[in-house]
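> Fold the following and give me the result.
(one chain, ligands or ions: 2)
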Amino acid sequence: MDNIIISPSLLSADFNNLAKDVELVNKSKADWFHLDVMDGVFVPNISFGFPIISHINKIAEKPLDVHLMIVEPDRYIAQFKKVGADYLTVHYEACKHLHRTVQSIKAEGMKAGVSLNPHTPVSVLEDILGDLDLVLLMSVNPGFGGQKYIENTYKKISQLREMALELNPNLIIEVDGGVDASNAQKLVEKGANALVAGSFVFGSENPTQTIEDLKTLNF
Ligand code: DX5
Ligand code: ZN
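Ligands and ions are numbered 1, 2, ... in the order given. Here you go, the predicted model:
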């Protein structure tokens, strides 16, 4: 089995004791930190921004996988680089000139990702796929942790992996939303190689063990 990237979402971490959860991820089998930035406009929720990310970056020992759920992300690309983003993912639905946005992310020295909402077909990525490091498929409507996985995502993963075989064989396909013991194995079988998990990890009795279970698909 290929290496599956595990990216715990700190949205479900304990913000009264964030350093503790960052340390937990540092010491776990996780690969990345998934950081959800929400602006209250693109999604009906507001999360956190630069100061929090910058503080996380000071103690995080793994790459920061930053998921922007914001309008006009172009305005902030340089600032996200400055606070430590390694992977910067923007939403297809939030970008008028996606090609330009992707090139700007790469010009700043970050890996570029594009995310699709559940209703957006993967076919819209055909002409940009070769430029991307990562596609983040939303398997819930973005905005909140703890929602139920949308079954149609399996089909989208298969279609995207098929497209990627031809256009970008090294593409990382990341799935975000409602990932847990009931679907992780099948998501990987369909072609995902990065899994985001928030409530499943931080809502569990033993987050370190849950991360390891995801990493090894031990369910
Ligand atoms: C939702 C965010 C997710 C969220 C996932 O808009 O993009 O990253 O934290 O949370 P769970 O794993 O609880 O669905
Ligand atoms: Zn996310």
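> any idea whether whatever residue of the chain ends up closest to ligand 2 is helix, strand or coil?
The minimum distance from the chain to ligand 2, using Cβ to the ion, falls at His67 (3.7 Å). Placement of C-beta: from N, CA and C, glycine included. Under the three-state scheme (DSSP: H, G, I helix; E, B strand; the rest coil), the conformation of His67 reads as strand.
> Tell me the confidence at it?
Listed pLDDT for His67 reads 99.
> just the one 4 residues further on next, same as before
Taken from the predicted model, the pLDDT recorded for Val71 is 98.
> and what of Glu23?
Note for Glu23: predicted pLDDT of 98.
> and it, what element?
Secondary structure here is read from DSSP states H and E; on that basis Glu23 sits in helix 18-27.
> So that helix, near ligand 1 or not?
No - among the residues of helix 18-27, none lie within reach of ligand 1 under Cβ under 6 Å from any ligand atom; the closest is 13.0 Å away.
> helices or strands up against that helix?
The contact analysis (3 or more Cβ pairs under 8 Å, 6 or more residues apart in numbering; DSSP states H and E) places helix 18-27 against helix 50-59, helix 207-216.
> Residues contacting the first one, please?
For helix 50-59, the external contacting residues (Cβ atoms under 8 Å, 6 or more residues apart in numbering) are 10, 18-19, 22-23, 26, 33, 35, 37, 64, 66, 79-80, 82-85.
> now it and helix 18-27, what's the angle there?
Taking axes from the mean of the first three to the mean of the last three Cα atoms, to 10 degrees, helix 50-59 and helix 18-27 form an angle of 50 degrees between their directions.
> and helix 50-59, which residues are buried?
Neighbour-count burial for helix 50-59, counted by 16 or more other Cβ atoms under 10 Å, picks out Ile52, Ile53, His55, Ile56, Asn57.
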